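Asker: My questions are about this predicted structure, shown below with the sequence.
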Amino acid sequence: MFDRLLDFLKELPASGFRDRNEKFSNDDPRLAAAALLYHIMDADGETRESERKKLSSMLSLKYGLKGDSLKRLIRAAEKADQEAIDLSDFTSVLKRQLDYQARLDLIGLMWEMVYADGKVSEVEADVMWRVAELVGIRQDDRNAIEDRMDKAKRSTSAS
């Protein structure tokens, strides 16, 4: 599942990302995706170290970022999340710039972030439902992703 997240992130444009002084614009799908991942990580009000490590690892592997560059991206995502009026600040960018499959993959990847701490809160589930709806994911696809993630979590827990 982690591989699917990396595949999704690799589909996002990376040109110029290695520039140490790059500023992320509000219509940059990389920032929108990172901000949503940050938002879901923080949705239950308890950001765990396992979640922070997963976020850092995902972004580092995709963009080849380490140290200050990685911290800058995570800070930009955190700031964007804190300043956003609502989730549509990010979902509208993704809906405009990503095709349906890429948006579907994002929802699956966000579920992976939800499960990074080993449990799903009601708040996290609600945020996931709203994000999926805002990016235009059909209900049957939302249900299928959630079921698949739940089964994967249970099989991982049973091992």
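Answerer: Right, received. Where do you want to start? Numbering: from 1, shown residues only.

Asker: next one: stretch 101-111 to chain centre, how far?
Answerer: 8 Å (Cα atoms, centre = their mean, to the nearest Å).

Asker: list the buried ones in that stretch?
Answerer: Residues of stretch 101-111 classed as buried: 102, 103, 104, 105, 106, 107, 108, 109, 110, 111 (neighbour count, 16 or more other Cβ atoms under 10 Å). Glycine gets a C-beta too; all of them are placed from N, C-alpha and C.

Asker: Who are the contact partners of the second one?
Answerer: If you count contacts by Cβ atoms under 8 Å, 6 or more residues apart in numbering, residue 103 has them with 94, 95, 135, 136, 137.

Asker: Next, the contact list for the first one, please.
Answerer: Spelled out, it's residue 94. For residue 94, the contact set (Cβ under 8 Å, 6+ apart) comprises 29, 32, 33, 36, 103, 106, 135.

Asker: So which of those sit within helices?
Answerer: Among the contacts of residue 94, DSSP state H puts 29, 32, 33, 36, 103, 106 in helices.

Asker: Of those, which is the nearest to residue 45?
Answerer: Proximity of the ones in helices among the contacts of residue 94 to residue 45 (Cβ to Cβ) peaks at residue 36, which lies at 16.9 Å.

Asker: And for the closest one, the neighbour number?
Answerer: For residue 36, the tally of surrounding residues (other Cβ atoms under 10 Å) stands at 29.

Asker: What's the per-residue pLDDT of the nearest residue in space to it that is not next to it in sequence here?
Answerer: Leaving aside its chain neighbours, residue 36 sits nearest to residue 90 (5.1 Å; criterion: Cβ to Cβ, 6 or more residues apart in numbering). Predicted confidence (pLDDT) at residue 90: the value is 96.

Asker: Alright, that wraps it up for me.
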